[in-house]
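1. Show me how the following folds:
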Amino acid sequence: QVQLVESGGGLVQPGGSLRLSCVVSGFPTDYYIIGWFRQAPGKEREGVSCISSSDRGTYYYIDSVKGRFTISRDNAKSTIYLQMNSLEAEDTAVYYCATRFSTSWCSAESADYKYWGQGTQVTVSS
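-> Residues are numbered from 1 along each chain as shown. A predicted model of the protein is given here:
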C-alpha cells in the first residue's frame with residue numbers, strides 16, 4: 001500500500017523557518033517523482049517543488065519561493081523534505097506531498113500525480 005505522510009507544519013512568525021517532511025512507503029518502484037503542493041484558502045492547489053528519484057534535478061514552480069525553499073531527499077529514511085526559510089504570510093497554506101511512478105520527469109500539475117498525503121498546515125502569522 002502506497003503511503004505518504006507529511007509532518008512539520010505549524011504556526012511560525014514571518015521570517016521564520018519550517019522543515020516539512022514526507023515519509024513514503026509501499027512504493028513498487030525506485031523510479032518516481034515527488035512533488036510538494038500547497039493550497040491556500042479559496043485558492044487552487046499549486047505546485048511548489050519537485051524532485052525525481054533519478055537525480056534529474058530539483059524544480060521550483062513558484063517564483064516567490066525560489067531562493068527560500070529547498071527540496072531534498074534522504075533515501076535511507078524514505079523521506080523527502082521541504083526546507084522553508086524566510087516565510088511570508090503568503091506562504092500560509094496546507095502543504096501536500098504527492099507521487100507518480102514510472103517517470104523521472106517532474107511536473108507542477110496536480111493531475112499528473114496519483115498518490116497524495118493528507119497534508120500539513122503551515123500558518124505564517126505574527
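2. alpha carbons only for contacts and neighbour counts from here, please
-> Noted.
3. Kindly state the pLDDT recorded for the residue nearest the centre of the chain?
-> Note on the chain: the residue nearest the mean C-alpha position is Trp36, at 2.2 Å, using C-alpha atoms, centre = their mean. Trp36 is assigned a pLDDT of 98 by the prediction.
4. same check, this time on Asn85
-> 98.
5. Check the one 10 residues further on too.
-> According to the model's per-residue confidence, Tyr95 sits at a pLDDT of 98.
6. For stretch 63-81, buried residues please.
-> By neighbour count, and taking 16 or more other C-alpha atoms under 10 Å as the criterion, the buried residues in stretch 63-81 are 65, 69-73, 79-81.
7. Using PDB, list the CA coordinates for that stretch.
-> Taking only C-alpha atoms (Å, rounded to 0.1, in the frame of the first residue of the first chain), the coordinates of stretch 63-81 have been written out as PDB:
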ATOM      1  CA  ASP A  63       8.900  32.500  -8.300                       C
ATOM      2  CA  SER A  64       8.300  33.700  -4.800                       C
ATOM      3  CA  VAL A  65       9.700  30.600  -3.200                       C
ATOM      4  CA  LYS A  66      12.900  30.400  -5.300                       C
ATOM      5  CA  GLY A  67      15.900  31.000  -3.000                       C
ATOM      6  CA  ARG A  68      13.800  30.500   0.100                       C
ATOM      7  CA  PHE A  69      12.600  26.900  -0.300                       C
ATOM      8  CA  THR A  70      14.800  23.800  -0.800                       C
ATOM      9  CA  ILE A  71      13.600  20.300  -1.600                       C
ATOM     10  CA  SER A  72      15.800  17.300  -0.800                       C
ATOM     11  CA  ARG A  73      15.500  13.600   0.000                       C
ATOM     12  CA  ASP A  74      17.100  11.100   2.300                       C
ATOM     13  CA  ASN A  75      16.700   7.700   0.600                       C
ATOM     14  CA  ALA A  76      17.800   5.900   3.800                       C
ATOM     15  CA  LYS A  77      14.900   7.400   5.700                       C
ATOM     16  CA  SER A  78      12.500   7.200   2.700                       C
ATOM     17  CA  THR A  79      11.800  10.900   3.400                       C
ATOM     18  CA  ILE A  80      11.500  14.000   1.200                       C
ATOM     19  CA  TYR A  81      12.000  17.400   2.800                       C
END
